[in-house]
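**Student:** Return a 3D structure for these sequence lines:
(one chain, ligands or ions: 3)
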Amino acid sequence: MDTLTLKLQGMSCASCANNIDQAIRLIPGVIDCNVNFGAEQATINYDRTRTNVKIIQAAIDAAGYSSYPTSEDILTGEDDGQKAIKLAQEREIRRKVIVACVIAMIIFVGSIPMMTGLHLPFIPEFLHNYWVQLVLTTPVQFWCGWSFYVNGWKALKHHMATMDTLMAVGTTAAYLYSLFVTLFSGFFTDQGLIPHVYYEVSVTVIALILLGRLLEHRARGKTSEAIHKLMGLQPRNARVIRDGVEMDISITEVEINDVIVVRPGEKIPVDGEVIAGISTVDESMVTGESLPVKKQAGDEVIGATINKTGSFQLRATRVGKDTFLAQIVKLVQQAQGSKAPIQRLADQVTGWFVPAVIAIAIATFVIWFNFMGNFTLAIMTAVGVLIIACPCALGLATPTSIMVGTGKGAENGILIKDAQSLELAHKITTIVLDKTGTLTQGNPTVTDFVCLKGTANHNELQLLQLAAAVERNSEHPLAEAVVKYAQSQGVNLIESHNFAAVPGSGVQGVVSDRLIQIGTQRWMTELGINTHSLPEYQQAWEAGGKTVIFMAVDGEIEAVMGIADALKPSSTAAVKILQKMGLEVVMLTGDNSKTAEAIAQEVGIDRVFPEVRPEQKTAMIKSLQGNGKSQIIAMVGDGINDAPALAQADVGIAIGTGTDVAIAASDITLISGDLQGIVTAIQLSRATMSNIRQNLFFAFIYNIIGIPVAAGILFPWFGWLLNPILAGAAMALSSLCVVTNALRLRQFHPKIISASVQ
Ligand SMILES: Nc1ncnc2c1ncn2[C@@H]1O[C@H](COP(=O)(O)OP(=O)(O)OP(=O)(O)O)[C@@H](O)[C@H]1O
Ligand SMILES: [Cu+]
Ligand SMILES: [Mg+2]
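**Tutor:** Numbers count the residues shown, from 1 in each chain. Ligands and ions are numbered 1, 2, ... in the order given. Now for the predicted structure:
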């Protein structure tokens with residue numbers, strides 16, 4: 001299955017999004033599709049053997065819209081051609097808005113004497129002439145309002161109706177009625193009625209809608225500000241050393257393994273590994289971590305972060321669209337285009353909204369005409385209904401907030417993969433934390449190594465060599481610690497055979513015909529190896545939060561190791577805050593229970609599940625989920641062994657410094673690995689969700705109150721009718737309200753909750 005993201009053009013409201021969605025789904029070979037009105041993009045899952053990008057784009061064209069593929073390379077960013085088209089479109093709308101507004105003013109001023117009954121000499125009489133008004137209105141109706149006809153017609157061809165349909169029908173009805181009055185005013189005077197034209201209705205409504213669209217376009221550009229900010233971080237040039245010569249080249253020409261020089265105060269051009277020099281780097285723009293990070297040979301640096309103090313050389317490891325920054329941009333783009341569950345309601349409503357409104361408008365007309373016998377009022381109330389009813393604000397309510405929210409997350413070092421996780425995060429009831437690498441720093445070091453048989457230094461080094469020979473084949477952090485320790489003791493690494501890892505237990509291998517097994521006490525017992533010879537050490541180590549592992553040679557315990565992994569400085573505070581927020585915090589680990597409890601006590605967690613094998617972690621999450629009424633479980637982990645559990649959890653949160661597998665399986669990634677990020681993610685989720693609810697309220701309230709009033713429901717009692725011009729203003733305002741409200745989210749800052757308990 002392939003996934004494709006296309007940018008869309010030409011949508012005017014959420015019904016357009018529905019139309020495109022349907023058109024794409026009809027293509028054989030398309031498995032799933034998600035069209036997002038707010039982000040103006042479509043994400044399509046398709047079967048490469050049955051369809052392709054060209055066919056999909058053709059279908060979108062046929063539906064009356066245009067599309068272009070998103071650029072994967074942030075260096076090129078948005079295609080200049082597309083930008084030019086967008087600008088040209090905006091300029092055209094602006095021109096039409098100006099024309100429509102000026103003419104609306106003239107007609108409005110012209111009708112003041114008539115409406116007020118005053119004789120105002122400075123207003124020329126002829127302005128109120130029906131024929132003059134007709135001449136003024138016609139270009140507005142058919143030039144400024146042309147897009148309503150074009151888009152409405154496109155929709156009609158596909159047996160669909162959109163906002164443009166409503167606008168076209170509504171304004172044309174007002175226009176035609178006025179035209180009829182102008183041509184046959186005698187028809188009205190004959191019946192003793194005063195003929196009245198409504199040119200100003202169609203002109204003002206068109207002016208307002210176009211103005212609303214223009215403002216909304218501009219505001220919507222700001223919702224993806226975060227992405228533009230991220231893209232803007234990318235430096236343009238890099239200073240590489242090639243063939244011994246230092247030269248400035250464009251970032252697009254940098255290749256993997258190029259050696260790059262970075263001076264103090266400069267931006268690091270691409271991802272790489274420091275090979276010489278020492279410095280501190282400000283990574284806050286990417287990780288959200290405000291403290292500068294020390295870098296020296298062997299450390300990884302991220303492109304677009306700022307080098308502070310020293311100068312250094314790096315070897316490029318990832319360039320172009322593979323850089324960390326490019327990946328973030330891509331992820332945020334995808335997240336912004338995804339659909340939050342809360343939007344489903346809005347989608348369902350918009351699906352039948354337009355046809356329903358047309359039906360209500362017809363009913364309004366019929367009732368007014370038949371029962372009140374007033375043709376003019378019948379037409380005007382029907383027009384009012386058509387105009388107030390547009391569901392465009394409804395289509396903007398959720399996506400605009402999601403766009404700002406996910407962008408805000410990225411700014412704070414929190415990568416949210418989709419809207420659904422952003423929505424769920426504020427409902428989390430239980431947080432399950434993995435120990436190693438999540439609560440702890442994840443670079444364990446061997447602190448104790450005790451030989452059981454003979455204490456000669458010679459023997460110890462020999463054993464270490466055997467241990468390292470086996471552990472070098474394992475990617476487990478503990479294995480790395482053993483190898484590092486051996487190397488630091490001056491041991492040469494040798495080969496081993498028949499290596500096997502037993503997940504959650506340990507590793508084994510054969511070195512010079514001796515079977516080496518290294519792992520947990522439980523595993524040793526399972527293997528029938530006696531481990532009871534040295535409880536004194538073990539207890540003290542475990543009580544200190546160290547992991548104790550055993551080493552057996554040919555089935556006999558030969559050595560014991562104590563491995564320490566310090567807590568992250570922020571862990572204790574983060575746990576306290578989460579508990580303060582009313583969440584249950586649980587620790588899950590493969591380590592033995594005493595070590596686990598010691599660590600848990602240190603960070604202040606009461607509920608611990610120790611000695612959980614990797615395959616049991618998922619089951620553990622499942623049982624927690626099945627535990628209560630509305631339990632929403634978040635799992636936080638870093639390792640390969642955490643990946644299935646991350647996927648099982650309602651919200652999987654990966655530590656950005658952890659393994660790629662864990663990151664891929666998660667919904668949210670904390671780039672810097674600081675657990676306070678969980679708190680920020682929950683706060684952001686809360687802020688976004690309440691923003692969406694406000695938006696939905698704004699969007700619905702106009703329609704819910706507006707339609708019945710426009711239909712004249714209050715008329716029999718109060719004599720109130722909704723002037724179609726007011727209807728147009730209300731509807732332009734509702735979209736603007738929604739977008740402006742969504743933009744308020746840009747002010748989001750993580751709230752600092754103090755961890756100290758009073
Ligand atoms: N390569 C290895 N070398 C030595 N011991 C190992 C190795 N792999 C696993 N073990 C032993 O098995 C235990 C459980 O391992 P597992 O990978 O399930 O959990 P963990 O990574 O230690 O902890 P957490 O689940 O908190 O990340 C370890 O604590 C260790 O004692
Ligand atoms: Cu609308
Ligand atoms: Mg782990």
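
**Student:** host element of Gln487?
**Tutor:** Counting by DSSP states H and E, the element that carries Gln487 is helix 477-488.

**Student:** and the next helix or strand after that helix, how far out from the chain's middle?
**Tutor:** Downstream of helix 477-488, the next assigned helix or strand under DSSP H and E is strand 497-502. In terms of CA atoms, centre = their mean, to the nearest Å, the centre of strand 497-502 is set 42 Å apart from its chain centre.

**Student:** can you pull out the helices in the stretch 251-400 of the chain?
**Tutor:** Along the stretch 251-400 of the chain, the stretches classed as helices by DSSP state H, counting those that start in this stretch are 284-287, 324-337, 343-367, 375-388, 392-411.

**Student:** Pretty sure Met561 sits in a strand.
**Tutor:** Yes. Assessed by DSSP: H, G, I helix; E, B strand; the rest coil, Met561 belongs to a strand.

**Student:** how many neighbours does it have?
**Tutor:** Met561 is flanked by 23 other residues according to other CB atoms under 10 Å. Every residue, glycine included, has its C-beta placed from N, CA and C.

**Student:** partners of it in the sheet?
**Tutor:** Phe449, Ile549 (DSSP bridges).

**Student:** Now do the contacts for it.
**Tutor:** Val446, Asp448, Phe449, Val450, Ala467, Val482, Val548, Ile549, Phe550, Met551 (CB atoms under 8 Å, 6 or more residues apart in numbering).

**Student:** Please identify which residue in the stretch 551-700 of the chain comes closest to ligand 3.
**Tutor:** Closest contact between the stretch 551-700 of the chain and ligand 3, by CB to the ion, is at Gly639 (3.5 Å).

**Student:** doesn't Gly658 make contact with that residue?
**Tutor:** Yes. Between Gly639 and Gly658 there is a contact at 6.4 Å, judged by CB atoms under 8 Å.

**Student:** Now for these two: what residues contact both?
**Tutor:** In contact with both Gly639 and Gly658: Gly437, using CB under 8 Å, 6+ apart.

**Student:** Quick check: the residue of the stretch 551-700 of the chain closest to ligand 3 vs Val169, distance?
**Tutor:** Between Gly639 and Val169 the computed distance is 60 Å (CB to CB, to the nearest Å).

**Student:** Please apply the same query to Val446.
**Tutor:** 78 Å.

**Student:** So for these two, which sits in the more crowded spot?
**Tutor:** Legend: neighbour count by other CB under 10 Å for Val446 and Val169, higher for Val446 (23 against 20).

**Student:** just how off-centre is the helix or strand harbouring that one within its chain?
**Tutor:** Taking DSSP H and E as the criterion, Val446 maps to strand 445-451. Taking the mean of its C-alpha atoms, strand 445-451 sits 45 Å from the chain's own mean (CA atoms, centre = their mean).

**Student:** thinking again about what came up before, so is the helix holding Gln487 next to ligand 1?
**Tutor:** Yes. Helix 477-488 reaches ligand 1 (CB under 6 Å from any ligand atom) through Leu478, Ala479.

**Student:** So which other helices or strands are in contact with that helix?
**Tutor:** Helix 477-488 is packed against strand 445-451, helix 457-471, strand 556-564, with contacts defined by 3 or more CB pairs under 8 Å, 6 or more residues apart in numbering; DSSP states H and E.

**Student:** just to revisit the earlier point, just the buried residues of the contacts of Met561.
**Tutor:** Val446, Phe449, Ala467, Val482, Val548, Ile549, Phe550, Met551 (16 or more other CB atoms under 10 Å).

**Student:** Mean neighbour count, the helices of the stretch 251-400 of the chain: which tops it?
**Tutor:** Greatest average neighbour count among the helices of the stretch 251-400 of the chain goes to helix 392-411 (a mean of 29), per mean count of other CB atoms under 10 Å.

**Student:** where along the stretch 501-650 of the chain do the strands fall?
**Tutor:** Along the stretch 501-650 of the chain, counting by DSSP state E, counting those that start in this stretch, strands occupy 506-511, 514-519, 547-553, 556-564, 584-588, 607-609, 633-637.

**Student:** Sheet-wise, list the partners of the last one with their directions.
**Tutor:** Looking at strand 633-637 with DSSP bridges, its partner strands are strand 430-434 (parallel), strand 651-655 (parallel).

**Student:** Dump those strands into TSV; add distance to Glu216 as well.
**Tutor:** Below are the strands paired with strand 633-637 laid out as TSV (distance: least, CB to CB, whole Å):
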stretch	distance to Glu216
strand 430-434	39
strand 651-655	32
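
**Student:** Now tabulate these in JSON lines and tack on mean neighbour count and mean pLDDT.
**Tutor:** Compiled in JSON lines, the strands paired with strand 633-637 are given as follows (neighbours: other CB atoms under 10 Å; pLDDT from 0 to 100):
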{"stretch": "strand 430-434", "mean neighbour count": "25", "mean pLDDT": "93"}
{"stretch": "strand 651-655", "mean neighbour count": "28", "mean pLDDT": "92"}
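
**Student:** Met403: which of these is closest?
**Tutor:** Nearest of the strands paired with strand 633-637 to Met403, taken as CB to CB: strand 651-655 at 19.9 Å.

**Student:** could you check whether that closest one is close to ligand 3?
**Tutor:** No. Taking CB under 5 Å from the ion as the criterion, strand 651-655 and ligand 3 are apart, separated by no less than 8.9 Å.

**Student:** can you tell if the next helix-or-strand element following that strand touches ligand 3?
**Tutor:** Later in the chain than strand 651-655, the nearest helix or strand by DSSP H and E is helix 660-665. No. With CB under 5 Å from the ion as the criterion, ligand 3 is not reached by helix 660-665; the gap is at least 8.5 Å.

**Student:** quick one: is helix 660-665 near ligand 1?
**Tutor:** No. Helix 660-665 is not in contact with ligand 1 by CB under 6 Å from any ligand atom; minimum separation 10.3 Å.
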